[in-house]
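K.L.:
Fold the following, please.
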Amino acid sequence: MDPVEALREIGFWLERERATSYRVEAFRRAAAVLAPLSAEEVARRAERGELARMKGIGPKSLAVVEEALAGEVPAYLADLRSRNDAPLADGGRDLRAQLRGDLHMHSDWSDGGSPIEEMVRAARWRGREYVALTDHSPRLTVANGLSADRLRTQLDVVDAINEESDDLVLLSGIEVDILEDGRLDQDDDLLDRLDVVVASVHSKLRMDRGPMTRRMIRAVEHPRTTVLGHCTGRLVEGSRGKRPESQFDAKAVFEACAANGVAVEINSRPERQDPPERLIEVALEAGCLFAIDTDAHAPGQLDFLDYGAERAAAAGIPAERIITAWPLDRLRAWARGS
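P.N.:
Numbers count the residues shown, from 1 in each chain. Here you go, the predicted structure:
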């Protein structure tokens, strides 16, 4: 077994299990150290006992490499595979099988933990037909949001990846901050170049109900907004603690989404579970479309799609109203008209 692939796969399964970042990083760092070397060079260094002296190769990573070089599936990897044999969620399996893509994913260009290429590699392995790269916009400095110049450079990277790929399309995109007055945190001419624009509130989450409603409706009415991301901003569990829902007129906001062709995101992150069930019902009644997205910040989190499918199925959302179940051509045509 290829040692680098073994290390990467271990990182994936640990991320899927929501392991602590330091456990994941040990294996991903070792993979990054070995990736530039040829298979023959890795084997030679192992034979000479040099791998243990390489910065970034710890005892557990070294054991994985040595077992892989011996032609075995490393024991640690075999155990992770057996623990992760089933989907993450029991429900929604029929709907999950119909999902083709994911329109909300981050890389290490903003606050994700892995390079774009690594995210794409994992998305391909997990059977995606398309996935949108939606790193943060400039205002979100805590997440290393992309300036206009950095986003332009990223678009070239996206083009280069697509030129090398024939089985998965990487859509250009952004998770753009909805500013306090409802404007989007990026130049309009640059937003117009993107396939997908996920508009999300990240600041002033406790704004009064009236101003928050107006703020969100203005963002939804922007002609380039594709998806309204994690609309309440709530946190229900996890290392960041809990956070209450933002207050807004959900009926008015979702009616604006339906009128302007903006999909409401079913955010699949376990700590978000956003929107809550009662608001999904409001969005359904308003005639909204939906996007089941992972909001993945690491490769293993791409499997969080299982959670979103379970929630959407439980809410009775039909597959034809879920844009991430659409073929790519239909999705693109719809997005350019939104």
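
K.L.:
could you say what helices and strands the longest helix along the chain packs with?
P.N.:
Criterion DSSP state H: the longest helix present in the chain is helix 148-164. Counting by 3 or more CB pairs under 8 Å, 6 or more residues apart in numbering; DSSP states H and E, the packing neighbours recorded for helix 148-164 are helix 116-125, strand 169-177, helix 188-191. C-beta coordinates here come from the backbone N, C-alpha and C atoms, glycine included.

K.L.:
taking these together, which one is wrapped up most tightly?
P.N.:
Comparing these by mean neighbour count (mean count of other CB atoms under 10 Å), strand 169-177 comes out on top with a mean of 25.

K.L.:
same for it, what does it pack against?
P.N.:
Checking 3+ CB pairs under 8 Å, 6+ apart, strand 169-177 ends up next to strand 130-133, helix 148-164, strand 196-200.

K.L.:
Export the ones you listed as a markdown table, with columns for distance to residue 66 and mean neighbour count.
P.N.:
Formatted as a markdown table, those follow (distance: least, CB to CB, whole Å; neighbours: other CB atoms under 10 Å):
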| stretch | distance to residue 66 | mean neighbour count |
| --- | --- | --- |
| strand 130-133 | 34 | 27 |
| helix 148-164 | 32 | 14 |
| strand 196-200 | 43 | 28 |
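
K.L.:
what's the closest of those to residue 176?
P.N.:
strand 196-200 (5.4 Å; CB to CB).

K.L.:
Do a quick rundown of the helices in this structure.
P.N.:
So, for the chain - with DSSP H - the helices run 3-16, 21-34, 39-47, 59-69, 75-83, 93-98, 116-125, 148-164, 188-191, 209-220, 250-260, 277-285, 305-314, 328-337.

K.L.:
what sits up against the longest one?
P.N.:
Okay, so that is helix 148-164. 109, 116-117, 120, 133, 135, 138, 146, 169-172, 174, 186-187, 190, 193 (CB atoms under 8 Å, 6 or more residues apart in numbering).

K.L.:
what's around the nearest residue in space to residue 26 that is not next to it in sequence, how many residues?
P.N.:
Ranked by CB to CB, 6 or more residues apart in numbering and with sequence neighbours excluded, the top spatial neighbour of residue 26 is residue 58, at 5.6 Å. Look at residue 58: counted by other CB atoms under 10 Å, it has 14 neighbours.

K.L.:
For residue 58, grab phi and psi.
P.N.:
phi -90, psi 180 (degrees, to the nearest 10).

K.L.:
rewinding a little: mind putting the helices and strands packed on strand 169-177 in CSV, distance to residue 232 and mean pLDDT included?
P.N.:
Below are these laid out as CSV (distance: least, CB to CB, whole Å; pLDDT from 0 to 100):
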stretch, distance to residue 232, mean pLDDT
strand 130-133, 22, 98
helix 148-164, 27, 98
strand 196-200, 11, 98
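
K.L.:
export these to a markdown table and tack on distance to residue 315?
P.N.:
As requested, those are arranged in a markdown table below (distance: least, CB to CB, whole Å):
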| stretch | distance to residue 315 |
| --- | --- |
| strand 130-133 | 23 |
| helix 148-164 | 33 |
| strand 196-200 | 20 |
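
K.L.:
Could you report the neighbour count for residue 48?
P.N.:
Residues near residue 48, counting by other CB under 10 Å: 9.

K.L.:
got a pLDDT number for it?
P.N.:
With respect to pLDDT, residue 48 scores 96.

K.L.:
and if you look at residue 166?
P.N.:
Looking at residue 166, its pLDDT is 88.

K.L.:
Please pick out the residue of the chain most distant from its centre.
P.N.:
Distance from the centre of the chain peaks at residue 48, with 40.5 Å (CA atoms, centre = their mean).

K.L.:
Could you export the helices and strands packed on helix 148-164 as CSV, including mean pLDDT?
P.N.:
Formatted as CSV, these follow (pLDDT from 0 to 100):
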stretch, mean pLDDT
helix 116-125, 98
strand 169-177, 98
helix 188-191, 97
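
K.L.:
Residue ranges in the protein under the pLDDT threshold?
P.N.:
Scanning the chain for pLDDT under 70 picks out the ranges 338.

K.L.:
What are the structural domain limits within it?
P.N.:
For the chain, automatic domain parsing gives the domain ranges 3-83, 93-337.

K.L.:
most neighbours per residue, which of the ones you listed?
P.N.:
domain 93-337 (a mean of 20).

K.L.:
And that domain, end to end?
P.N.:
31 Å (CA to CA, to the nearest Å).

K.L.:
cool, stretch 292-312 as well?
P.N.:
8 Å.

K.L.:
Ok, stretch 220-227 next?
P.N.:
Stretch 220-227 has an end-to-end distance of 8 Å (criterion: CA to CA).

K.L.:
got a list of contacts for that stretch?
P.N.:
Applying CB under 8 Å, 6+ apart, the contact partners of stretch 220-227 are 103-104, 173, 184, 188, 191-192, 194, 196-199, 219, 228, 253, 256-257, 260, 262-265, 291, 293, 335, 338.
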